[in-house]
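A.B. asks: Predicted coordinates and the sequence they were generated for:
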Amino acid sequence: MKLLVVEDERIIAHAIKEGLEQDGYAVDVAYDGVEGYDTASADEYDVIISDVMMPEMNGYDMVAKLRADGNKTPVLMLTAKGQDRDVIKGLDTGADDYLAKPFAFGVLSARVRALLRRPQQSSGELLQYADISMDPAKKMVTRAGRNVQLSAKEYAILEYFLRNPDRILSKNNILTHVWDFDSDVLPNNVESFIKLLRNKIDRPFGQPLIQTVRGFGYKLSENGQ
């Protein structure tokens, strides 16, 4: 999953980025509201984490402008303000959740997971497809009841598939959702990671679920092409 952090205090921004990357997310950072708006408009993110008080454009205005453009990416707002009217204003401008500073990183991480769960049709935290089950909170994957050990990138790719079942995902889709903007990775390198993932999640179980759609990309499907 790919996240965008919009925060003008660089120490805080880098600390959040580092923590989220340790959780297995790809993370881009913008340092003011204008840069945040431009970055969020130019790429596709799964969650935006934004400060409120920033130069150039504040978080309220940035989110309102994104919503006016039709951007529906879930937004978690961070601010030193904790008064009810500030929470109300943030939610009314289009934010999905609100977290007052200072906060424990574990709480922020849990809020991100909650926002990522919202589009899912299944209840609870588990992501499931066929006999694959993923617990994002515990970073655990099983197939047919057997634990599957994945690297961070393999896990991130599988999570992207599980959040988009039966949907064709191009190499570029996978690249932009699993690696951050500064990563030196090319679309063709995605093939290598898909092969590694298949070796762990498909081949030991006899039924391939990660399908190649020639000329288009890949999809998680029980029905082949």
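C.D. replies: Cool, the structure landed. Just so you know, these numbers come straight off a predicted model, no measurement behind them. Numbering: from 1, shown residues only.

A.B. asks: CA only for contacts and neighbour counts going forward, please
C.D. replies: Fine.

A.B. asks: List every C-alpha atom in the helix or strand bottoming out on mean pLDDT in the chain, with coordinates, as PDB.
C.D. replies: Using mean pLDDT, DSSP states H and E, helix 84-92 stands out as the lowest-scoring helix or strand of the chain, at a mean of 75. What follows is the C-alpha trace of helix 84-92 in PDB, where atoms were taken according to Å, rounded to 0.1, in the frame of the first residue of the first chain:
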ATOM      1  CA  ASP A  84     -14.100  20.000  19.000                       C
ATOM      2  CA  ARG A  85     -14.600  22.800  16.400                       C
ATOM      3  CA  ASP A  86     -11.200  21.900  14.800                       C
ATOM      4  CA  VAL A  87     -12.200  18.300  14.600                       C
ATOM      5  CA  ILE A  88     -15.600  19.300  13.100                       C
ATOM      6  CA  LYS A  89     -14.000  21.600  10.500                       C
ATOM      7  CA  GLY A  90     -11.500  18.900   9.500                       C
ATOM      8  CA  LEU A  91     -14.200  16.300   9.000                       C
ATOM      9  CA  ASP A  92     -16.500  18.700   7.200                       C
END
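
A.B. asks: Run through the neighbouring helices and strands of whichever helix or strand comes after it.
C.D. replies: Elements were assigned by DSSP states H and E; along the chain past helix 84-92, the next helix or strand is strand 97-100. Applying 3 or more CA pairs under 8 Å, 6 or more residues apart in numbering; DSSP states H and E, one finds that strand 97-100 makes contact with strand 75-79, helix 84-92.

A.B. asks: who's Gln211 bridged to?
C.D. replies: With beta bridges defined as DSSP bridges, Gln211 has these partners: Lys219.

A.B. asks: Do you know the pLDDT at it?
C.D. replies: Each residue has a pLDDT score; the one for Gln211 is 94.

A.B. asks: Pull up the gap between it and Trp179, please.
C.D. replies: In this view, Gln211 and Trp179 are 21 Å apart by CA to CA, to the nearest Å.

A.B. asks: Would you mind telling me which of those two has more residues around it?
C.D. replies: Neighbours of Gln211 and Trp179, each counted by other CA atoms under 10 Å, are more numerous for Trp179; the result is 22 against 18.

A.B. asks: so that one makes contact with Ala26?
C.D. replies: Yes. A contact is recorded between Trp179 and Ala26 when judged using CA atoms under 8 Å, the distance being 5.0 Å.

A.B. asks: buried stuff in the least confident helix or strand of the chain?
C.D. replies: Neighbour-count burial for helix 84-92 flags 87, 90-91 (criterion: 16 or more other CA atoms under 10 Å).

A.B. asks: Leu69: how many residues sit nearby?
C.D. replies: Check again: residue 69 is Asp, not Leu. The local packing of Asp69 (other CA under 10 Å) involves 10 other residues.
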